[in-house]
Every structure is written in structure tokens, then in C-alpha cells.
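S.K.: okay, here's the prediction I keep looking at, along with the sequence it came from:
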Amino acid sequence: MAIKHNSEIKFKVGLDENKVPEEIFWTAKDGGIDNEASRAIMISVWDHKQKDTLRMDLWTKDMPVDEMKQFYHQTLVSMADAFEKATDDAKMGATMRDFCAYFAEKLELKK
């Protein structure tokens with residue numbers, strides 16, 4: 001199958017003198033996002049040669065802890081959903097969502 005279209009997702013991270021993120025902006029024109037501000041990003045890339053995940057987790061200095069907890073919870077829930085969709089393993093997807101509910105309960109996150 002020939003590639004018919006290329007899509008880009010860009011991140012711009014403004015760093016302080018110690019290379020700590022001060023601001024994060026992202027653009028995904030195909031998704032209608034143009035230079036939107038964010039306080040945190042998580043990027044995972046699968047290296048199929050090394051059979052390893054490459055990760056980049058960044059957050060700005062002004063990311064509140066309560067929002068970070070919510071961000072992690074929502075990321076875990078979306079990972080459970082994506083896992084189930086990618087593997088068709090409903091039992092493990094449900095198990096992962098059970099953990100997400102436990103995680104939210106222990107952190108006393110509001111739904």
C-alpha cells in the first residue's frame with residue numbers, strides 16, 4: 001500500500017536555564033490543533049529493533065499535583081482501552097480498568 005498522506009504532530013518546549021520545561025505547545029493540523037498550550041506530555045515510541053519502549057515525559061513547573069494525578073489516571077484508562085482494542089484481550093483490559101478504579105480511589109480523584 002502506498003502512502004497517500006503524511007501527518008505531523010509537533011511539540012515546542014520552552015526551557016529555563018536549567019532545561020526544565022516552562023511551557024509546552026503542540027500542533028496537529030490534521031486534528032485541528034494549532035499551537036495549543038499544554039502543561040504535560042507523555043510520548044511512547046516502540047523500537048521494534050531493540051524490542052523496547054522509548055519514552056519522554058515532560059511537564060511544566062506550573063503543572064499542579066492534583067492535575068498530574070488526574071492526567072496519570074486518564075492516561076492509564078486510555079491505555080487500558082487501547083490495549084484491549086489492539087489485542088482483543090477483554091479480560092486483561094477489564095483487569096487494567098479495575099486497577100485504574102483502585103488508583104482513582106486511593107488518590108481520591110473525583111469522577
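M.R.: Everything's here; your move.

S.K.: in this structure, where's the longest helix?
M.R.: helix 65-87 (DSSP state H).

S.K.: helix 65-87 and the helix or strand following that helix, what's the angle between them?
M.R.: Proceeding N to C from helix 65-87, the next assigned helix or strand is helix 90-106, under DSSP states H and E. Counting by axes from the mean of the first three to the mean of the last three C-alpha atoms, to 10 degrees, helix 90-106 lies at 170 degrees to helix 65-87.

S.K.: what lies in contact with helix 90-106?
M.R.: Counting by C-beta atoms under 8 Å, 6 or more residues apart in numbering, the neighbours of helix 90-106 from elsewhere in the structure are 72-73, 76-77, 79-81, 83-84, 111. All C-beta atoms are positioned from the backbone trio N, CA, C, and that covers glycine.

S.K.: got the buried residues for stretch 87-98?
M.R.: Neighbour counts using 16 or more other C-beta atoms under 10 Å place 93, 96-97 of stretch 87-98 among the buried residues.

S.K.: now do stretch 44-64
M.R.: 58-60, 63.

S.K.: and the end-to-end length of it?
M.R.: Its start and end residues considered, stretch 44-64 measures 23 Å (C-alpha to C-alpha, to the nearest Å).

S.K.: ok, residue 8 to residue 14 distance?
M.R.: Here the criterion is C-beta to C-beta, to the nearest Å. By it, residue 8 lies 20 Å from residue 14.

S.K.: export the longest helix of the chain to CSV, keeping only CA atoms.
M.R.: Coordinates of each C-alpha in helix 65-87 appear next as CSV, following Å, rounded to 0.1, in the frame of the first residue of the first chain:
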residue,chain,number,x,y,z
VAL,A,65,-0.1,18.0,41.6
ASP,A,66,-3.8,17.4,41.5
GLU,A,67,-3.9,17.8,37.7
MET,A,68,-0.9,15.5,37.4
LYS,A,69,-2.7,12.8,39.3
GLN,A,70,-5.7,13.2,37.1
PHE,A,71,-3.5,13.2,34.0
TYR,A,72,-1.9,9.9,35.1
HIS,A,73,-5.3,8.3,35.8
GLN,A,74,-6.8,9.3,32.5
THR,A,75,-3.7,8.1,30.7
LEU,A,76,-3.9,4.7,32.4
VAL,A,77,-7.6,4.4,31.5
SER,A,78,-6.9,5.3,27.9
MET,A,79,-4.0,2.7,27.9
ALA,A,80,-6.4,0.0,29.1
ASP,A,81,-8.9,0.9,26.3
ALA,A,82,-6.1,1.0,23.7
PHE,A,83,-4.6,-2.3,24.9
GLU,A,84,-8.0,-4.0,24.7
LYS,A,85,-8.6,-2.6,21.2
ALA,A,86,-5.1,-3.5,20.0
THR,A,87,-5.0,-7.1,21.4
